[in-house]
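Visitor: Only the shape, not the letters, is given here:
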């Protein structure tokens, strides 16, 4: 997901999630209250059309590299909380 308080420039490790991308999409779509329509018009029992729309949005937001879905992380050694970054 995309968060305003997250610095994507800090990512220096990328993991290929090809084997898990579809599972991630299904799992994220179960958290309807966390994004999209859940923020404004929470519906604890969304219809299939809403679920499909959420899945499409999640799939669209998964980043890719060389055609493969990836997740970026920040591998960091040093003081906690980015002190001295």
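Guide: Okay, I see it. Nothing here was measured: the structure is a model prediction, and the numbers come from that model.
Visitor: Poorly predicted segments of this protein, please.
Guide: Along the chain, segments meeting pLDDT under 70 span 1-6, 34-40, 78-85.
Visitor: how about 90 then?
Guide: Under the criterion pLDDT under 90, the flagged ranges of the chain are 1-13, 24-55, 57-58, 61, 72-85.
Visitor: how about the helices of it, start to end?
Guide: Counting by DSSP state H, the chain has helices at residues 21-29, 37-40, 48-61.
Visitor: Check which helices and strands the first one is in contact with.
Guide: To tie it back to what came earlier, the one meant is helix 21-29. helix 48-61 (3 or more Cβ pairs under 8 Å, 6 or more residues apart in numbering; DSSP states H and E). Where you see a C-beta, it was placed from the backbone N, CA and C, and this is true even at glycine.
Visitor: by contact count, what packs against the helix it packs on?
Guide: The contact analysis (3+ Cβ pairs under 8 Å, 6+ apart) places helix 48-61 against helix 21-29, helix 37-40.
Visitor: same thing but at 7 Å, please
Guide: helix 21-29 (3 or more Cβ pairs under 7 Å, 6 or more residues apart in numbering; DSSP states H and E).
Visitor: Give me the angle between the helix it packs on and helix 48-61.
Guide: 130 degrees (axes from the mean of the first three to the mean of the last three Cα atoms, to 10 degrees).
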